[in-house]
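K.L.:
Below: sequence and its predicted model.
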Amino acid sequence: MKTILRIIFILALLGIFSTIFFFPISEQQPEQKEIKIVTTIFPAYDFTRTLSQDTNVNVSMLLKPGSDLHSYEPSPQDIIKIKEADIFIYNGGESESWIDDILKEIDQDNVVTLRMMDAVELRPESSNNIIDAEKEEKESESIEYDEHIWTSPKNTIKISEKIAQALINRSPDDTSVIQRNLDKFKEELNALHKDFKKLAKEKTGTLIVADRFPFSYFVADYDLDYLAAFPGCAEQAEASAKTIAELDKAIKQNPEKVIFTLELSNAKIAQTLAKNNKAKILTWHSAHNISQKDFDDNITYLEIMKNNLNNLSEALHDRPESNES
């Protein structure tokens, strides 16, 4: 009898252990499907990866690091990636006009498309304080809107809200995580906005940009004075004698001898002006694209903008020399 009871007890234990170790395996939920998101440029890429942290999302960028969107043409593989994506995020505007034809071929039931320029109030392209803009403006009769909307932290908040909603709609199980990421990102952007407001309130100089100028949204937000060589979407061109002369005059009148160039620029004009005026050359990063090294180092929009804050502060503040020994 004792032997029988012992056998029954052992069988019962085996039943319990098999329930614990085998049933959960057979009843496991299938892995959550990876959400594929394709973006055209760095701002869309960075905002999306920031908002999708800790979710099953794969984010890619079509524009190769170190290259210029204005000369970009999609490869057949790029077009396939767009068509196979769950979400496709692009900026819009003249530089991405090639997207219009692709959108006609996309299965709108399977691919969510998001145009960032739809998220903000657009500003028309302007020739204000742009030296070499007169010819371009005369040749264009229709209104063109400035594409560089993300240079304003206030706009970035609006864009991020739209991207977050698209992510939530596609992956509702991740709603709380995405919302948490959005709240944190907005908090950091608002802090950045306050820092720029403070900088603008204490300004003493003019921003001299010996390059293209994609910052009209930014300077409008903070009421900053500036002078630049070319419009934001101008093709790289040799500066005229007039352009050099006007920039040179502005540098001489500025309390801080600082000349700005854009990221990935050859800085030829700035180098000439700096030599003539013993001026310092700094980068004002538009975040349109980044170098391969910065991409490999996972640099973020927030890091770029904080670097801009430091550089702009140096150009706008007439500070006394340090007394540090």
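P.N.:
Thanks, I have the structure now.

K.L.:
Phi and psi next, for residue 285.
P.N.:
Note on residue 285: its backbone torsions stand at phi -90, psi 120 [degrees, to the nearest 10].

K.L.:
how about the helices in the stretch 51-200 of the chain?
P.N.:
76-84, 99-105, 134-139, 153-170, 175-201 (DSSP state H, counting those that start in this stretch).

K.L.:
Then the stretch 201-325 of the chain?
P.N.:
Under DSSP H, counting those that start in this stretch, the stretch 201-325 of the chain gives helices at 216-222, 241-253, 268-277, 292-296, 301-316.

K.L.:
Show me what counts as buried in the third one.
P.N.:
Of the residues in helix 268-277, those buried under the neighbour-count criterion (16 or more other CB atoms under 10 Å) are 269, 270, 272, 273, 274, 277. Every C-beta, even on glycine, is put in place using the N, C-alpha and C of the backbone.

K.L.:
do the same with the first one
P.N.:
By neighbour count on 16+ other CB under 10 Å, the buried set for helix 216-222 is 216, 217, 218, 219, 221, 222.

K.L.:
Tell me if I'm right that residue 261 and residue 213 touch.
P.N.:
No: the pair residue 261 / residue 213 is not scored as a contact, 11.0 Å apart, by CB atoms under 8 Å.

K.L.:
Pull the contacting residues for the most centrally placed residue in the chain.
P.N.:
With distances taken as CA atoms, centre = their mean, residue 43 lies nearest the centre of the chain, 1.8 Å away. Residues in contact with residue 43 (CB atoms under 8 Å, 6 or more residues apart in numbering) are 91, 116, 150, 156, 159, 287, 288, 301.

K.L.:
can you do 6 Å?
P.N.:
By CB atoms under 6 Å, 6 or more residues apart in numbering, the contact set of residue 43 is 150, 287.

K.L.:
Quick one: residues in contact with stretch 253-270.
P.N.:
Outside stretch 253-270, the residues touching it (CB under 6 Å, 6+ apart) are 204-206, 208-212, 239, 273-274, 277, 279-286, 315, 318.

K.L.:
same question, stretch 307-316
P.N.:
Stretch 307-316 has contacts (CB under 6 Å, 6+ apart) with 195, 199, 203, 205, 207, 256, 258, 282, 285.

K.L.:
Also stretch 82-96?
P.N.:
Residues from elsewhere that reach stretch 82-96 (CB under 6 Å, 6+ apart): 35-41, 44, 69-70, 99, 102, 106, 111-117, 147, 166, 170.

K.L.:
how about a cut-off of 7 Å?
P.N.:
35-41, 44, 48, 69-70, 99, 102, 106, 111-117, 144-145, 147, 163, 166, 170, 233 (CB atoms under 7 Å, 6 or more residues apart in numbering).
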